[in-house]
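> My questions are about this predicted structure, shown below with the sequence.
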Amino acid sequence: MSRSDHAAANEAAQAGPDQKAAVPDASPLGVEAIATDDLPWDDYHKAQVPHGWAHPFGRDRIARALREARATVGSLSLGRPDLPPRPGPQVVFDLFWLGDARAGYFGPIKPGRSRLLMRWTAVPAEHRMQIARQLEHAVLEQGCRWAAASLSRGNAWSASEHRFLVSHVGGRLQLSET
């Protein structure tokens with residue numbers, strides 16, 4: 001654990017029963033898992049990304065966008081890129097509605113937990129700012145509105161899987177919904 005991780009753990013230990021602090025949990029795979037309270041997700045995971053790769057946004061910017069849309073997700077994941085990079089569109093982020101998947105298929109489903117996953121993939125650092133600018137021009141907001149609406153779409157929609165997918169290809173973002 002780093003010095004700041006120890007400080008966060010200390011803060012959590014000193015917090016009263018009505019206060020809970022986020023405490024990082026370092027894993028041997030370089031993935032940080034944080035217990036989250038008062039954030040628009042139930043679980044948060046952030047993988048260490050290789051040199052030369054970065055996420056377009058950090059969790060604070062994503063949290064702000066979700067709150068503005070009044071959306072919550074079951075899980076927020078900032079993941080590693082697929083290496084070596086595959087030809088074709090590169091996934092930037094997606095929202096995935098699990099539908100009526102069997103409990104445990106994507107991990108344990110907690111009571112009251114959203115069946116909505118938000119996953120971000122690291123992009124080449126030299127494209128990060130360009131991608132972030134394009135996301136700021138409505139795509140991030142549109143995705144967060146999709147997330148908010150997914151929680152109230154009714155039984156027929158929520159029974160099946162759905163995806164809001166944003167990819168980067170040829171310097172432009174592509175959006176698809178299924």
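Cool, the structure landed.
> Nearest spatial neighbour of the most centrally placed residue in the chain, chain-adjacent residues omitted?
The residue lying closest to the centre of the chain (C-alpha atoms, centre = their mean) is residue 76, at 2.8 Å. Distance criterion C-beta to C-beta, 6 or more residues apart in numbering; nearest residue to residue 76, sequence neighbours excluded, is residue 41 at 4.2 Å. Where C-beta positions appear, they are placed from N, C-alpha and C, glycine not excepted.
> who's in contact with the one you found?
Shown in contact with residue 41 (C-beta atoms under 8 Å, 6 or more residues apart in numbering): 63, 66, 72-76, 118.
> residues contacting residue 147?
Residues near residue 147 by C-beta under 8 Å, 6+ apart: 66, 69, 71-73, 95, 116, 118, 164.
> rerun at 6 Å
Contact analysis of residue 147 by C-beta atoms under 6 Å, 6 or more residues apart in numbering lists 71, 73, 95, 116.
> residue ranges of the helices in the protein, please?
Listed in chain order, the helices found in the chain under DSSP state H are 3-14, 59-68, 125-134, 140-150, 155-158.
> Return the most buried member of these.
Across these, averaging neighbours per residue (mean count of other C-beta atoms under 10 Å) puts helix 140-150 on top, at a mean of 19.
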